[in-house]
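**Q** following is a predicted model, sequence given first.
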Amino acid sequence: TGNAECANCWQGQYADVVGLVTCKHCEPGRHFNGRGALKCKNCEQGRFQLGTGFHLCDQCAKGRYTDQREQIACKHCPTGKYQPLDGTNDCHECAVGDYQSKVGQAACVECEEHKFQPSKGKPGCKACDYSCRAGEYHSFCGVVNDVIASTKTSVPGQCDACPAGRHKSLAGVHGCSACA
C-alpha cells in the first residue's frame, strides 16, 4: 500500500523524498518562499536566517554584512569601516580625515579639532604635534573640507619660519608675534 496523499509543503518547508508525508523545515541560513519545494534556497549575501522553517531571509542591518551565502548571522563591520545600508555584502573604509573606533557602525566620524588622519580605513586620528622651535610656527593641522571640489584632506601641518616682521621666542608656542 502506498501513501494516499503526498505532502504539499508550505512556505519555509520542503519535501526532498518522493512520497514524503511530513514536510521538513528549511534549515538555518536557508529559506523557501512558495509551496511544494523539493529543497530550500540559500540566503543570499547580505542576508541571513537564524531559525528553521522560514520563507524569507532577513537583511543585515546597517553596520553589518554577510559576504557569503547561507549565513545564520551577520558580521559587524570592523573598526575603520562602516556600512550605511541594510542588506549588503561588504563594508566601506572610512575616508581620509575620518575614523571609526567601534565595530558595527553605519557611519564614520570626522577627526576632532587639532587631530588628523591621512589614511583611509583607520580606527582613530593622530594628534597634531605643535612642538616647533623658537622662530618657527606650526601651519594648519587637521581636516580641510573643500565643498566646491567635494574633497577632504587631512594634514599634519609643519613647522615654518616666522614671516618677516614677526617672531617667536619660545619653542612650542603656536603662533608668531609682531615685532615691536
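**A** Perfect, thanks for sending it. Numbers count the residues shown, from 1 in each chain.
**Q** measure stretch 142-153 end to end?
**A** Stretch 142-153 has an end-to-end distance of 8 Å (criterion: Cα to Cα, to the nearest Å).
**Q** same deal with stretch 65-82?
**A** Termini of stretch 65-82 sit 10 Å apart (Cα to Cα).
**Q** now stretch 53-73
**A** By Cα to Cα, one end of stretch 53-73 lies 16 Å from the other end.
**Q** now it: average pLDDT?
**A** Average pLDDT, stretch 53-73: 95.
**Q** and it, how far from the chain's centre?
**A** Its chain's average C-alpha position is 16 Å from that of stretch 53-73, according to Cα atoms, centre = their mean, to the nearest Å.
**Q** so what's Arg30 bridging to?
**A** Beta-bridge partners for Arg30, by DSSP bridges, are Asn42.
**Q** swap that for Val143, sorry
**A** Ser154.
**Q** what's the local residue count around Ile72?
**A** 14 (other Cβ atoms under 10 Å). From N, CA and C alone the C-beta is placed, and that goes for glycine too.
**Q** show me what contacts it?
**A** Pro28, Gly29, Phe48, Gln49, Leu50 (Cβ atoms under 8 Å, 6 or more residues apart in numbering).
**Q** now with 6 Å?
**A** Pro28, Gly29, Phe48, Leu50 (Cβ atoms under 6 Å, 6 or more residues apart in numbering).
**Q** kindly report the same for Glu27.
**A** Not one residue lies near Glu27 by Cβ under 6 Å, 6+ apart.
**Q** what about 7 Å?
**A** For Glu27, the contact set (Cβ atoms under 7 Å, 6 or more residues apart in numbering) comprises Cys40, Thr52.
**Q** who does the residue most central in space within the chain form a beta bridge with?
**A** Centroid-nearest residue in the chain: Tyr82, 1.6 Å away (criterion: Cα atoms, centre = their mean). When assigned by DSSP bridges, Tyr82 has beta-bridge partners His92.
**Q** ok, back up a step: can I get the contacts of Ile72 in TSV with pLDDT, secondary structure and distance to Lys168?
**A** As requested, the contacts of Ile72 are arranged in TSV below (pLDDT from 0 to 100; DSSP: H, G, I helix; E, B strand; the rest coil; distance: Cβ to Cβ, whole Å):
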residue	pLDDT	secondary structure	distance to Lys168
Pro28	95	coil	67
Gly29	94	coil	65
Phe48	94	strand	59
Leu50	93	coil	63
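**Q** just the buried residues of those.
**A** Those of the contacts of Ile72 that meet the buried threshold are Pro28, Gly29, Phe48, by 16 or more other Cβ atoms under 10 Å.
**Q** from Lys102, how far out is the last one?
**A** In other words, Phe48. 21 Å (Cβ to Cβ, to the nearest Å).
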